[in-house]
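J.: Predicted structure and sequence below. I'll ask about it afterward.
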Amino acid sequence: MNKAPLPLPAEHIPPGTADWRTPDAQRWLAAVPARWAHPLWAVLALVVAGVWYLEGAPAAACTSAAPCGTDWPGLLMAVVLVLTLYWVWRQPRLALAGLAAGLVGFAEDGGFTESFGEPYALAHPVAAAFAAAGLVHRLALAGRQRA
């Protein structure tokens, strides 16, 4: 089934189309992102870290000074985190902003101070750093492929 590609006749090539030669294709294929930078691994790391944090973090008690109610900042942060998972897969530039917002929300929530040194609290920043490294790698190589 593997046949050599047939060249298009000259009359079927639109005017102004750049030539696409074998060395060009080889350079393009050489700029493919590494397997570790696939978005699936970053999404899995972020989901596992988020679930681990939700399971491990102590629940805040409801008091008369701080009654339980709708946590609007928490709901906004949940929306940003869910959107970040989608952006990691489809929109790397937006995902970097989402990861930064997630780390800011994590710090505001007290994840860095209240449970400093706990494995469940360190998992989210480590997963975000891994995802950011993969995103930067993918963006750099996509620029090379476009060139």
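T.: Done, it's in.

J.: Just the local confidence number for the residue sitting nearest the centre point of the chain, please.
T.: Nearest to the mean C-alpha position of the chain, counting by Cα atoms, centre = their mean, stands residue 88 at 2.8 Å. On pLDDT, residue 88 comes in at 94.

J.: low pLDDT regions in the protein?
T.: 1-2, 60, 70, 109-116 (pLDDT under 70).

J.: May I ask you to name the longest helix in it?
T.: When the chain is parsed with DSSP state H, its longest helix is helix 119-146.

J.: Nearest residue to the residue nearest to the centre of the chain in space, please, no chain neighbours.
T.: residue 95 (4.4 Å; Cβ to Cβ, 6 or more residues apart in numbering). Where you see a C-beta, it was placed from the backbone N, CA and C, and this is true even at glycine.

J.: Give me the neighbour count for residue 55.
T.: For residue 55, the tally of surrounding residues (other Cβ atoms under 10 Å) stands at 8.

J.: meant to ask about residue 77
T.: 18.

J.: Enumerate every residue touching the closest residue in space to it that isn't next to it in sequence.
T.: Residue nearest to residue 77 in three dimensions, not counting chain neighbours: residue 105, with 4.1 Å by Cβ to Cβ, 6+ apart. If a contact means Cβ atoms under 8 Å, 6 or more residues apart in numbering, then residue 105 has 73, 77, 80-81 as its contacts.

J.: Quick check: which element contains residue 105?
T.: helix 92-108 (DSSP states H and E).
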